[in-house]
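In: this one's structure only:
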(Lines give C-alpha, C1' and ligand atoms only; values in the text may rest on other atoms or scores of the structure.)
Protein backbone atom coordinates (compact mmCIF):
# COMPACT_ATOMS: atom_id res chain seq x y z
CA UNK A 1 0.00 0.00 0.00
CA UNK A 2 1.22 3.43 -0.85
CA UNK A 3 2.28 5.73 1.94
CA UNK A 4 1.88 8.97 0.04
CA UNK A 5 -0.96 11.40 0.54
CA UNK A 6 -1.11 12.54 -3.08
CA UNK A 7 -4.55 12.25 -4.64
CA UNK A 8 -6.03 11.23 -1.30
CA UNK A 9 -9.40 12.67 -0.38
CA UNK A 10 -9.49 13.69 3.26
CA UNK A 11 -5.76 14.43 3.50
CA UNK A 12 -6.69 17.22 5.93
CA UNK A 13 -7.07 14.48 8.57
CA UNK A 14 -3.30 14.05 8.54
CA UNK A 15 -3.42 17.18 10.73
CA UNK A 16 -5.54 15.28 13.29
CA UNK A 17 -4.89 15.93 16.97
CA UNK A 18 -6.59 14.04 19.76
CA UNK A 19 -8.17 16.38 22.34
CA UNK A 20 -8.16 13.64 25.02
CA UNK A 21 -11.92 13.80 25.48
CA UNK A 22 -12.00 10.11 26.39
CA UNK A 23 -15.07 9.33 24.26
CA UNK A 24 -13.32 6.47 22.45
CA UNK A 25 -12.35 4.99 25.85
CA UNK A 26 -15.76 5.38 27.46
CA UNK A 27 -18.42 4.96 24.80
CA UNK A 28 -17.27 1.78 23.05
CA UNK A 29 -16.43 -1.87 23.49
CA UNK A 30 -12.87 -2.53 22.35
CA UNK A 31 -12.64 -5.91 20.59
CA UNK A 32 -9.27 -7.57 21.18
CA UNK A 33 -7.24 -10.43 19.78
CA UNK A 34 -4.86 -12.91 21.35
CA UNK A 35 -1.97 -10.63 20.30
CA UNK A 36 -3.55 -7.73 22.21
CA UNK A 37 -4.10 -9.87 25.29
CA UNK A 38 -0.51 -11.11 25.30
CA UNK A 39 0.87 -7.58 24.84
CA UNK A 40 -1.36 -6.19 27.60
CA UNK A 41 -0.57 -9.06 29.98
CA UNK A 42 3.15 -8.64 29.45
CA UNK A 43 2.97 -4.86 29.83
CA UNK A 44 0.75 -4.83 32.93
CA UNK A 45 1.63 -8.08 34.67
CA UNK A 46 -2.10 -8.91 34.78
CA UNK A 47 -3.66 -12.13 33.59
CA UNK A 48 -6.00 -11.69 30.62
CA UNK A 49 -8.99 -12.91 32.67
CA UNK A 50 -8.66 -9.76 34.77
CA UNK A 51 -9.18 -7.30 31.92
CA UNK A 52 -11.14 -9.08 29.19
CA UNK A 53 -14.80 -9.95 28.84
CA UNK A 54 -17.07 -11.70 26.36
CA UNK A 55 -19.87 -9.60 24.85
CA UNK A 56 -23.21 -10.50 23.25
CA UNK A 57 -24.58 -9.05 20.01
CA UNK A 58 -26.99 -6.86 22.03
CA UNK A 59 -24.00 -5.11 23.61
CA UNK A 60 -23.04 -3.55 20.25
CA UNK A 61 -24.99 -0.79 18.52
CA UNK A 62 -24.49 -2.55 15.17
CA UNK A 63 -24.85 -6.08 16.57
CA UNK A 64 -21.09 -6.66 16.34
CA UNK A 65 -21.03 -6.90 12.57
CA UNK A 66 -17.67 -8.08 11.20
CA UNK A 67 -16.26 -9.20 14.55
CA UNK A 68 -14.83 -12.59 15.50
CA UNK A 69 -17.72 -14.48 17.08
CA UNK A 70 -16.63 -17.23 19.45
CA UNK A 71 -19.04 -20.12 20.04
CA UNK A 72 -19.12 -20.70 23.81
CA UNK A 73 -21.43 -22.76 26.01
CA UNK A 74 -23.20 -19.51 26.96
CA UNK A 75 -23.70 -18.57 23.29
CA UNK A 76 -21.94 -16.49 20.63
CA UNK A 77 -19.59 -13.92 22.12
CA UNK A 78 -16.97 -11.33 21.09
CA UNK A 79 -13.78 -11.00 23.09
CA UNK A 80 -13.17 -7.42 24.25
CA UNK A 81 -11.67 -5.31 26.97
CA UNK A 82 -13.63 -5.36 30.21
CA UNK A 83 -15.51 -2.26 31.31
CA UNK A 84 -14.92 -0.71 34.73
CA UNK A 85 -17.35 -1.88 37.39
CA UNK A 86 -19.16 1.42 37.95
CA UNK A 87 -18.49 3.20 34.68
CA UNK A 88 -18.89 2.59 30.98
CA UNK A 89 -15.16 3.18 30.55
CA UNK A 90 -12.49 0.76 29.41
CA UNK A 91 -10.84 -1.18 32.21
CA UNK A 92 -7.56 0.67 31.50
CA UNK A 93 -9.02 4.21 31.38
CA UNK A 94 -7.64 5.87 34.52
CA UNK A 95 -7.40 9.56 35.45
CA UNK A 96 -8.95 10.55 32.10
CA UNK A 97 -6.17 8.76 30.16
CA UNK A 98 -5.24 5.35 28.81
CA UNK A 99 -3.10 3.75 31.50
CA UNK A 100 -1.63 1.21 29.05
CA UNK A 101 -1.02 3.49 26.08
CA UNK A 102 2.27 1.83 25.06
CA UNK A 103 0.61 -1.62 25.18
CA UNK A 104 -2.88 -0.65 23.94
CA UNK A 105 -4.78 -2.86 21.48
CA UNK A 106 -4.10 -2.41 17.80
CA UNK A 107 -7.70 -1.25 17.30
CA UNK A 108 -6.92 1.69 19.58
CA UNK A 109 -3.75 2.44 17.61
CA UNK A 110 -5.71 2.69 14.35
CA UNK A 111 -8.64 4.64 15.78
CA UNK A 112 -10.13 7.05 14.72
CA UNK A 113 -8.88 6.78 11.15
CA UNK A 114 -10.85 5.15 8.34
CA UNK A 115 -8.99 4.44 5.10
CA UNK A 116 -10.24 3.51 1.64
CA UNK A 117 -7.91 1.90 -0.92
CA UNK A 118 -7.89 1.50 -4.67
CA UNK A 119 -7.08 -1.79 -6.44
CA UNK A 120 -3.37 -0.96 -6.42
CA UNK A 121 -3.44 -0.68 -2.62
CA UNK A 122 -3.07 3.09 -2.54
CA UNK A 123 -5.01 5.12 -0.01
CA UNK A 124 -7.65 7.08 -1.89
CA UNK A 125 -9.62 8.46 1.04
CA UNK A 126 -9.09 9.16 4.70
CA UNK A 127 -11.86 9.98 7.15
CA UNK A 128 -12.64 9.94 10.85
CA UNK A 129 -14.60 6.99 12.22
CA UNK A 130 -17.97 8.15 13.51
CA UNK A 131 -18.62 5.27 15.94
CA UNK A 132 -18.35 7.78 18.79
CA UNK A 133 -18.18 11.55 18.84
CA UNK A 134 -14.58 12.68 18.31
CA UNK A 135 -14.04 16.40 18.97
CA UNK A 136 -10.61 16.41 17.32
CA UNK A 137 -8.57 19.38 16.17
CA UNK A 138 -6.73 19.77 12.87
CA UNK A 139 -3.59 21.50 14.10
CA UNK A 140 -1.09 18.66 14.36
CA UNK A 141 0.79 16.33 12.04
CA UNK A 142 0.26 12.62 11.46
CA UNK A 143 2.42 10.46 9.21
CA UNK A 144 0.43 8.40 6.72
CA UNK A 145 3.23 5.80 6.83
CA UNK A 146 2.66 5.31 10.58
CA UNK A 147 -1.12 5.09 10.14
CA UNK A 148 -0.61 2.49 7.38
CA UNK A 149 1.83 0.54 9.56
CA UNK A 150 -0.82 0.25 12.27
CA UNK A 151 -3.58 -0.41 9.71
CA UNK A 152 -1.59 -3.29 8.19
CA UNK A 153 -0.71 -4.66 11.64
CA UNK A 154 -4.40 -4.55 12.52
CA UNK A 155 -5.26 -6.53 9.37
CA UNK A 156 -2.57 -9.16 10.07
CA UNK A 157 -3.54 -9.47 13.71
CA UNK A 158 -7.26 -9.74 12.88
CA UNK A 159 -6.59 -12.36 10.20
CA UNK A 160 -4.57 -14.50 12.63
CA UNK A 161 -7.21 -14.12 15.34
CA UNK A 162 -10.11 -14.94 13.00
CA UNK A 163 -8.29 -18.12 11.93
CA UNK A 164 -7.99 -19.11 15.61
CA UNK A 165 -11.66 -18.34 16.23
CA UNK A 166 -12.65 -20.46 13.21
CA UNK A 167 -10.50 -23.33 14.48
CA UNK A 168 -12.07 -23.05 17.95
CA UNK A 169 -15.59 -22.93 16.55
CA UNK A 170 -14.94 -26.05 14.44
CA UNK A 171 -13.32 -28.11 17.23
CA UNK A 172 -14.41 -26.74 20.60
CA UNK A 173 -17.84 -25.29 20.00
CA UNK A 174 -19.56 -24.85 23.32
CA UNK A 175 -16.52 -24.54 25.57
CA UNK A 176 -16.05 -22.03 28.37
CA UNK A 177 -14.47 -18.59 28.20
CA UNK A 178 -11.54 -19.88 30.27
CA UNK A 179 -11.01 -22.75 27.85
CA UNK A 180 -11.04 -20.36 24.92
CA UNK A 181 -8.41 -18.12 26.55
CA UNK A 182 -6.23 -21.18 27.16
CA UNK A 183 -6.76 -22.17 23.53
CA UNK A 184 -5.45 -18.71 22.56
CA UNK A 185 -2.38 -19.25 24.72
CA UNK A 186 -3.07 -16.45 27.19
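Out: Looks like it came in fine. Predicted model only: the values in this text are computed from it and were never measured. Residues are numbered from 1 along each chain as shown.
In: CA atoms for contacts and neighbours, from now on please.
Out: Fine.
In: quick one: average confidence on stretch 41-57?
Out: Averaging pLDDT along stretch 41-57 gives 96.
In: buried residues in it?
Out: 41, 48, 51, 52, 53, 54, 55 (16 or more other C-alpha atoms under 10 Å).
In: and the third one, what does it touch?
Out: Contacts here follow C-alpha atoms under 8 Å, 6 or more residues apart in numbering; on that basis residue 51 touches 81, 82, 91.
In: for the residues you listed, give me JSON lines that also has secondary structure, neighbour count and distance to residue 114.
Out: Rendered in JSON lines, the data for the contacts of residue 51 read as follows (DSSP: H, G, I helix; E, B strand; the rest coil; neighbours: other C-alpha atoms under 10 Å; distance: C-alpha to C-alpha, whole Å):
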{"residue": "81", "secondary structure": "strand", "neighbour count": "27", "distance to residue 114": "21"}
{"residue": "82", "secondary structure": "coil", "neighbour count": "22", "distance to residue 114": "24"}
{"residue": "91", "secondary structure": "coil", "neighbour count": "19", "distance to residue 114": "25"}
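In: nearest to residue 29 among these?
Out: Set against residue 29, the nearest of these by C-alpha to C-alpha is residue 81 (6.8 Å).
In: how about the closest one, what does it touch?
Out: 29, 30, 31, 32, 51, 52, 53, 90, 91 are the contacts of residue 81 under C-alpha under 8 Å, 6+ apart.
In: go again using 6 Å as the cut-off
Out: 30, 51, 52, 53 (C-alpha atoms under 6 Å, 6 or more residues apart in numbering).
In: with adjacent residues omitted, what lies nearest to it?
Out: Nearest non-adjacent residue to residue 81, counting by C-alpha to C-alpha, 6 or more residues apart in numbering: residue 52, 4.4 Å away.
In: wait, doesn't that neighbour sit right on residue 83?
Out: No. Contact between residue 52 and residue 83 fails when scored by C-alpha atoms under 6 Å: they sit 8.4 Å apart.
In: go through the strand or helix carrying residue 161 and flag the buried ones.
Out: Using DSSP states H and E, residue 161 sits in helix 144-171. By 16+ other C-alpha under 10 Å, the buried positions in helix 144-171 come out as 144, 147-148, 150-151, 153-154, 157-158, 161-162, 164-166, 168-169.
In: mean confidence for it?
Out: Mean predicted confidence for helix 144-171 is 95.
In: any idea which helix or strand comes after that helix?
Out: helix 177-184.
In: what's in contact with that next one?
Out: Residues contacting helix 177-184 (C-alpha under 6 Å, 6+ apart): residue 34.
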